[in-house]
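> return atomic coordinates for the entry below.
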Amino acid sequence: MTTTAPPPRQTPDEQPERSGLIARVSLGRAFRPVASEFLLIASAALLLTGFGLVMVLSATSALDGGQSPFDHVIKQGVFAVVGIPLMFVLSRARMSFWKKIAWPALILATMFQLLVYVPGLGIASYGNRNWVQIAGFQFQPAEFLKLTLALWMGAVLYRKRRLLTSWKHVFIPVVPVSVLVIGTVLGGKDLGTVMILVLVVLGALFFAGIKLRMFIVPAVLAIAVVLLSAVGSENRMARIMSLFNPDDASCYYTSCYQSLHGIWGLASGGLLGLGLGNSKEKYDWLPAAANDYIFAIIGEELGLVGCIVVLVLFAVFAVGAFRIIRRTDDSFVRIVAGAITLWIVGQALVNIGVVLRIFPVLGVPLPFMSQGGTSLLSVLIACGVLLSCARTLPDHREVVESRSNRRAAPARRSGRRG
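Have a look, this model is predicted:
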């Protein structure tokens, strides 16, 4: 009988050398799966931007002075082509980057805003001095103040996070710097932008965990600034009082011409609208049809269905942003994400409220959708900051593992005692 013995085991020193090269590749952070919040915010931003380009083309298709109907949308598209890649590039930035640039960014944005008061550069429009013309291009510097103020508030409150129980550390330097920055916009009589900046400041304080009783002084200051600005302008007071005037025809040629045509455009759209490009109000009836009143054109051409689509997209954006606020353990991420979310979502609600005649005409654009390259670029950059915050969140697997470890820890400890 023949038996076969197993081959002798080789020690590690006796094993033959393997031919070829062995390389270990680590994809690392660049290819780490993104959080669901990232996908919600990015998809909503892209869809709203694309929808906005279509509506800008439609709202400006009524030829003005022999211009091509594509002139306005091409200008808007240039800012979208720049802003969308920049949004994804900035989404790779770490939180340390945003903390470092907070002070320099706010200083540069404030200096840019001061250019509106320089003769030859600043431009007044509809009673507001909030535009700058440089090398043939017009910019609205206050749009960048919204983002930089949110970053600055986050950096300052994060650094003082253990001292925020004292009102002195809450108000200094937040209140003096905020008053100075907002004052540069208030000097140009842009009440709508002032209200959004105040919302950014109050939102940052709220998400920093400030006690509610400390909101009294900032809230009183904010209300006083808004009231003084409103009372100081006869035209602005007339627009506010027109909301309470039951006789709409009496103010048609004075203070409520634009708001009436906006609500008429919405009403004429019905459920499905008149069809894309078939708006009647855009033919010199509705001022700022492609800017502040683009939601009225959406309602007229696409009806209630089109308006609901816009609201759903903003709701998706808000859900993604608020999930970042809820899930993060970093107070800087919570403050910045909260301030930016209140800015974008709050401004959208204010714009839609103006079109519905809930608020007086304030002159704030609809984020992502209104014509205006500066507004679109600043909002896309802000989305880049939100996406950067979303990358700091733990993925679902890490959350499940940490929860299971916490649950198993008491069992392990009781086993050791036994």
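
> rest of the way, CA atoms for contacts and neighbours
Fine.

> quick one, what contacts the residue nearest the centre of the chain?
By Cα atoms, centre = their mean, the chain has its centre lying nearest to I344, at 3.6 Å. Going by Cα atoms under 8 Å, 6 or more residues apart in numbering, I344 touches 367, 379.

> C-terminal to the strand or helix carrying it, what's the next element?
Using DSSP states H and E, I344 sits in helix 331-355. For helix 331-355, the following helix or strand on the C-terminal side (DSSP H and E) is helix 373-390.

> okay, that next one in PDB with CA atoms only?
Presented in PDB, the C-alpha positions along helix 373-390 are these (Å, rounded to 0.1, in the frame of the first residue of the first chain):
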ATOM      1  CA  GLY A 373     -25.100  87.000 -11.900                       C
ATOM      2  CA  THR A 374     -23.800  88.300  -8.500                       C
ATOM      3  CA  SER A 375     -26.800  86.800  -6.700                       C
ATOM      4  CA  LEU A 376     -26.400  83.400  -8.500                       C
ATOM      5  CA  LEU A 377     -22.700  83.300  -7.900                       C
ATOM      6  CA  SER A 378     -22.900  84.100  -4.200                       C
ATOM      7  CA  VAL A 379     -25.600  81.500  -3.700                       C
ATOM      8  CA  LEU A 380     -23.600  78.800  -5.500                       C
ATOM      9  CA  ILE A 381     -20.500  79.600  -3.400                       C
ATOM     10  CA  ALA A 382     -22.700  79.300  -0.300                       C
ATOM     11  CA  CYS A 383     -23.900  75.900  -1.500                       C
ATOM     12  CA  GLY A 384     -20.200  74.900  -1.800                       C
ATOM     13  CA  VAL A 385     -19.800  75.800   1.900                       C
ATOM     14  CA  LEU A 386     -22.800  73.700   2.800                       C
ATOM     15  CA  LEU A 387     -21.500  70.800   0.800                       C
ATOM     16  CA  SER A 388     -18.200  71.100   2.500                       C
ATOM     17  CA  CYS A 389     -20.100  70.900   5.800                       C
ATOM     18  CA  ALA A 390     -21.900  67.800   4.600                       C
END
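
> so which elements touch it?
Using 3 or more Cα pairs under 8 Å, 6 or more residues apart in numbering; DSSP states H and E, the elements in contact with helix 373-390 are helix 36-59, helix 71-90, helix 142-159, helix 294-327, helix 331-355.

> nearest to L380, of those?
Taking Cα to Cα, helix 71-90 is the member of those nearest to L380, at 5.7 Å.

> would you mark the buried spots in the closest one?
72-73, 76-77, 79-80, 83-84, 86-88, 90 (16 or more other Cα atoms under 10 Å).

> got CSV for those residues, with pLDDT too?
As requested, those are exported to CSV (pLDDT from 0 to 100):
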residue, pLDDT
H72, 87
V73, 91
Q76, 93
G77, 94
F79, 95
A80, 96
G83, 96
I84, 97
L86, 97
M87, 97
F88, 96
L90, 96
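
> dump those to TSV, plus distance to H169.
Below are these laid out as TSV (distance: Cα to Cα, whole Å):
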residue	distance to H169
H72	47
V73	47
Q76	42
G77	44
F79	39
A80	40
G83	36
I84	38
L86	35
M87	33
F88	35
L90	31
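
> hmm, which two among the residues you listed are most spread apart?
Maximum pairwise distance in those, criterion Cα to Cα, is 27.0 Å, between H72 and L90.

> how close does the residue nearest to the centre of the chain sit to E300?
24 Å (Cα to Cα, to the nearest Å).

> now I263
Counting by Cα to Cα, the separation of I263 from E300 is 9 Å.

> neighbour count winner among the two?
E300 (33 against 18; other Cα atoms under 10 Å).

> wait, the more buried one touches G269, no?
Yes: counting by Cα atoms under 8 Å, E300 does reach G269; the two are 3.9 Å apart.

> contact partners for S388?
S388 neighbours (Cα under 8 Å, 6+ apart): 90-95.

> give me the buried entries from these.
Among these, those classed as buried by 16+ other Cα under 10 Å are 90-93, 95.

> would you list the residues you listed in a markdown table and tack on distance to G187?
Shown next, in a markdown table, are these (distance: Cα to Cα, whole Å):
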| residue | distance to G187 |
| --- | --- |
| L90 | 32 |
| S91 | 34 |
| R92 | 37 |
| A93 | 34 |
| M95 | 33 |
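
> excluding chain neighbours, what is closest to L86?
Using Cα to Cα, 6 or more residues apart in numbering and skipping residues adjacent in sequence, the residue nearest L86 is I381, 6.8 Å away.

> so the one you found is in contact with S91, correct?
No: counting by Cα under 8 Å, S91 is not a contact partner of I381; they are 9.1 Å apart.

> returning to that earlier point: any chance of the helices and strands packed on helix 373-390 in TSV, with distance to L199 too?
Shown next, in TSV, are these (distance: least, Cα to Cα, whole Å):
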stretch	distance to L199
helix 36-59	21
helix 71-90	23
helix 142-159	10
helix 294-327	16
helix 331-355	7
